[in-house]
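Student: Just a sequence and a predicted model for now, questions to come.
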Amino acid sequence: MKFRTLLATMVAALAFSGAASAATLKVTEGNRALVNGTVAVADPGPVGVNLGTVDGINVAESYGVLVAGQDGYTFVSTALTASIDFVFGGIQTVAGNLNSGLITSIDAGDNEGPKTITFNLYSGNTNGGTLLDTTSRTGDVTTLADNGGTTSIFSGLAAGSYYFEILGNGDGRATTYDITYTGVGEASPVPLPASALLLIGGIAGLGFARRRKTT
């Protein structure tokens, strides 16, 4: 194999390695109809789904439905600051069916009060990490507006690894959730994976060997 061909192959592998490490997912859990632009995943459960890396450009999203138990999502933020927010303002109690799409309000015909679910944020990749913050929200836009109109669940997150937990209260009513994970700015350059460093060393070594051969 000629040196230039080998070099091109190694550079392509390096680019793929970097891209793979920075993948960001937009997912719909399997108990809910697929939301456009997302991929289907199994029930996240306590183990959780890895959403990848959130930075100033890449945004992760999770769409699901919860009755009792818990759903978990892990992600890494390399942004200067990151937040976890509702899409279009909130969560929705569902009576009798599992609606899909973006949530805007409770169906007035449900004839039931809104359901409360709890969100926990942990450092690290599991709920065995340090609990950083917790909050409970009631599933309708009106309630959110009454609390100052905020759609944010957790904000001002520094760069790091996080486990985001959603807990149902077990009252038998399903609640859908539409959530986005975003970052602003870049905290620091993303370190190259070990495989990339080995590739760089290999390229340098090949160049040195080629120079010796031609002299």
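Tutor: Perfect, I can see it now.
Student: Show me where this protein has its helices.
Tutor: 3-21, 141-146, 194-214 (DSSP state H).
Student: what's the least confident stretch among the ones you listed?
Tutor: Across these, helix 3-21 has the smallest mean pLDDT, namely a mean of 40.
Student: The closest residue to Thr135 other than its chain neighbours: neighbour count?
Tutor: In this structure, Thr135 finds its nearest non-sequential neighbour in Phe119, 5.4 Å apart by CB to CB, 6 or more residues apart in numbering. Where you see a C-beta, it was placed from the backbone N, CA and C, and this is true even at glycine. Per other CB atoms under 10 Å, the neighbour tally for Phe119 reads 19.
Student: is it true that Phe119 touches Ile153?
Tutor: Yes - using CB atoms under 8 Å, Phe119 is in contact with Ile153, at 5.3 Å.
Student: any common contacting residues for the two?
Tutor: Between them, Phe119 and Ile153 share these contacting residues under CB atoms under 8 Å, 6 or more residues apart in numbering: 84, 135, 137.
Student: which residues does the first one bridge with?
Tutor: Taking DSSP bridges, one obtains Phe154, Tyr181 as the residues bridged to Ile84.
Student: Can you check the pLDDT for it?
Tutor: The confidence metric pLDDT takes the value 94 at Ile84.
Student: Now do the contacts for it.
Tutor: Residues in contact with Ile84 (CB under 8 Å, 6+ apart) are 119, 121, 152-155, 157, 164, 179-181.
Student: mind running it again at 10 Å?
Tutor: Contacts for Ile84 (CB atoms under 10 Å, 6 or more residues apart in numbering) come out as 54, 60, 62, 73, 75, 119, 121, 133, 152-155, 157, 162, 164, 179-182.
Student: The second one now?
Tutor: Neighbour list for Thr135: 117-121, 152-154 [criterion: CB under 10 Å, 6+ apart].
Student: what do you get for Asp71?
Tutor: 29, 31, 43-46, 48-49, 62, 64-65, 117, 164-168, 177, 179.
Student: isn't Asn169 right next to Arg137, touching?
Tutor: No - using CB atoms under 10 Å, Asn169 is not in contact with Arg137, being 11.5 Å away.
Student: Looking at these two, which has the bigger crowd around it?
Tutor: Arg137 (20 against 15).
Student: any chance you could map the strands in this protein?
Tutor: Using DSSP state E, the strands of the chain run over residues 26-29, 39-41, 49-54, 60-66, 70-77, 81-94, 116-123, 131-138, 152-157, 160-167, 174-184.
Student: and this protein, what are its domains?
Tutor: 1-22+191-215, 24-189 (automatic domain parsing).
Student: which stretch in those domains has the least confidence?
Tutor: Among the domains of the chain, domain 1-22+191-215 carries the lowest mean pLDDT (a mean of 47).
Student: correct me, but Ala174 touches Gly69?
Tutor: No - contact criterion CB under 10 Å: Ala174 and Gly69 do not qualify, at 11.6 Å.
Student: which residues do those two both contact?
Tutor: With CB under 10 Å, 6+ apart as the test, Ala174 and Gly69 both reach Gly168.
Student: Looking at the two, which is more packed in?
Tutor: Taking neighbours as other CB under 10 Å, Ala174 and Gly69 compare with Ala174 leading, 20 against 13.
Student: quick one, what contacts the closest residue to Ala68 other than its chain neighbours?
Tutor: Closest residue to Ala68 apart from its sequence neighbours, by CB to CB, 6+ apart: Gly170 at 3.7 Å. Gly170 makes contacts with 67-69, as judged by CB under 10 Å, 6+ apart.
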